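**Student:** Next one to model:
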Amino acid sequence: MIVVLKKGCPKEEVERLTNWIEHFHVSVNPIVGEETTILGLVGDTSAVEKDTLMLNHWVDRVMKVQEPFKLANRQMHPNDTVVKIGGNVEVGGKKIVVMAGPCSVESEPQICEIAEEVQRQGAAILRGGAWKPRSSPYSFQGMKAQGLDLLCIAKEKTGMPIVTEITNPAHIELFEGRVDCYQVGARNMQNFELLKELGKTNTPILLKRGFANTLEEFLMSAEYIMAGGNDQVILCERGIRTYETYTRNTLDISAVPALKRLSHLPVVVDPSHAAGIYWMVEPLAMSAVAAGADGLIIEVHNDPAHALSDGAQSLTYKHFARTMDKVRAVAAAVGREI
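**Tutor:** Numbering: from 1, shown residues only. The predicted structure follows:
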């Protein structure tokens, strides 16, 4: 339920109305805008009568939120959310943020060299996997804690914030204070115990869409994190599984404007996992920016042919530089920048 207050409603009246509503065991999230104030009600609102609310002089209108996701709903929060990563990188504003790096951290020289190169080309955030959940138990599973240490070395050398995948709630203590953004991979999008624990942190979360999940299910996973108290969530479209086998996944480009309409949370796109083919990353990245994406997460490797994971979809430095030039041009065409 959403309660829209009239322009000029005094702060004391907002507090009084909030306290009254909370007597019905409903959480109230006040959203103060330039023109008006909105009270977002979360929980069982059946006892809160619309007619009773309308008796208040300062209540302009009351609306029911039909979708099951409340905190992530744009109706509850009309203004775009901007998520700050590492204190100085903003995702969700005019500037499109590029996160780039290898699928897996393999060595100190490798991750530091790649970090310096992608930063030189305009990437703002370093991505790299330390724990790698793979389809096969015989595939490289990542360097784990050692890989996290190497990411932190690259962060110290370049000053770039880091984003890396977290797969286990038990790792939160290890990540805390070191990782600037926790990535929840597609396989863990509905790992609700993990999501609930991440909701208790204050660290931004990059939530990837599962490869067989609807947008509503995707937003409900974001809701789990936000319901725990962490509203710093970034949505990531990374391709879904369809009947097509030419590409690794099928990029659901329509998800970008749809999510921007349904939710106030920033949306980034992962063209690398969507395609699974290096030469397709560039056009998919361009289409994502044109569709309104707030960021891109791209895999870059110093030697893709010998990468320990996902070499086929990783860009060389040369390809990454060209892709950045192309997406800058598209960003300028739609009134944004990189």
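
**Student:** tell me the domain ranges of this protein?
**Tutor:** 2-63, 83-333 (automatic domain parsing).

**Student:** end to end, how far does the last one reach?
**Tutor:** Think domain 83-333. For domain 83-333, the separation between the terminal residues is 24 Å (Cα to Cα, to the nearest Å).

**Student:** again, but for the shortest one
**Tutor:** Taking Cα to Cα, the first and last residues of domain 2-63 lie 5 Å apart.

**Student:** Quick one: classify Lys260 as helix, strand or coil.
**Tutor:** State at Lys260, reduced to three classes by DSSP: H, G, I helix; E, B strand; the rest coil: helix.

**Student:** ok now do it, which residues does it touch?
**Tutor:** Neighbour list for Lys260: 267, 292 [criterion: Cβ atoms under 8 Å, 6 or more residues apart in numbering]. Any C-beta I mention is one placed from the backbone N, CA and C, and that applies to glycine too.

**Student:** Going forward, count from 51.
**Tutor:** Got it, first residue is 51 now, which makes that one Lys310.

**Student:** longest helix in the chain, by residue count?
**Tutor:** With DSSP state H applied, the helix covering the greatest number of residues in the chain is identified as helix 367-383.

**Student:** list the helices and strands that helix packs on?
**Tutor:** strand 147-151, helix 158-170, helix 328-341, strand 345-349 (3 or more Cβ pairs under 8 Å, 6 or more residues apart in numbering; DSSP states H and E).

**Student:** In TSV: these, plus distance to Arg311.
**Tutor:** TSV is the format used below for these (distance: least, Cβ to Cβ, whole Å):
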stretch	distance to Arg311
strand 147-151	21
helix 158-170	31
helix 328-341	12
strand 345-349	18
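
**Student:** Dump those to JSON lines, plus mean neighbour count, mean pLDDT and distance to Pro60.
**Tutor:** Shown next, in JSON lines, are the helices and strands packed on helix 367-383 (neighbours: other Cβ atoms under 10 Å; pLDDT from 0 to 100; distance: least, Cβ to Cβ, whole Å):
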{"stretch": "strand 147-151", "mean neighbour count": "27", "mean pLDDT": "98", "distance to Pro60": "38"}
{"stretch": "helix 158-170", "mean neighbour count": "19", "mean pLDDT": "98", "distance to Pro60": "49"}
{"stretch": "helix 328-341", "mean neighbour count": "20", "mean pLDDT": "98", "distance to Pro60": "42"}
{"stretch": "strand 345-349", "mean neighbour count": "27", "mean pLDDT": "98", "distance to Pro60": "39"}
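
**Student:** out of these, nearest to Pro321?
**Tutor:** Each of those has some distance to Pro321 by Cβ to Cβ; the shortest is helix 328-341, at 3.6 Å.

**Student:** relative to strand 147-151, how tilted is that closest one?
**Tutor:** Orientation check (axes from the mean of the first three to the mean of the last three Cα atoms, to 10 degrees): helix 328-341 against strand 147-151 gives 160 degrees.

**Student:** roughly how far is helix 328-341 from the heart of the chain?
**Tutor:** Counting by Cα atoms, centre = their mean, to the nearest Å, helix 328-341 is centred 18 Å from the centre of its parent chain.

**Student:** now the strands for the protein?
**Tutor:** Secondary structure of the chain (DSSP state E): strands located at 52-55, 77-82, 87-92, 109-113, 133-135, 139-141, 147-151, 175-177, 212-215, 231-234, 255-258, 283-287, 317-319, 345-349.

**Student:** who touches the third one?
**Tutor:** Strand 87-92 has contacts (Cβ under 8 Å, 6+ apart) with 51-55, 59, 64, 67-68, 71, 76-81, 98, 120-121, 126-128, 277.

**Student:** could you redo the last one with a cut-off of 6 Å?
**Tutor:** Residues outside strand 87-92 that contact it (Cβ atoms under 6 Å, 6 or more residues apart in numbering): 51-55, 59, 64, 76-81, 120, 126.

**Student:** Could you check the angle it makes with strand 77-82?
**Tutor:** Here strand 87-92 points in a direction 160 degrees away from that of strand 77-82 (the same axes, to 10 degrees).

**Student:** how close does Met330 sit to His369?
**Tutor:** Relative to His369, Met330 is positioned 11 Å away (Cβ to Cβ, to the nearest Å).

**Student:** Would you mind finding the most buried of the domains of the chain?
**Tutor:** Mean neighbour counts were taken over those using mean count of other Cβ atoms under 10 Å, and the top value, a mean of 20, falls to domain 133-383.

**Student:** That domain: how far from the chain's middle?
**Tutor:** Centroid separation for domain 133-383 versus its chain: 8 Å, with Cα atoms, centre = their mean.

**Student:** quick revisit: what two of the contacts of strand 87-92 are the furthest from one another?
**Tutor:** Considering Cβ to Cβ, no two members of those lie farther apart than Cys59 and Lys120, which are separated by 21.8 Å.

**Student:** Between the helices and strands packed on helix 367-383, which one is closest to Arg259.
**Tutor:** When those are compared by Cβ to Cβ, strand 345-349 sits nearest Arg259, at 12.5 Å.

**Student:** Do you know the pLDDT at Leu201?
**Tutor:** Each residue has a pLDDT score; the one for Leu201 is 97.
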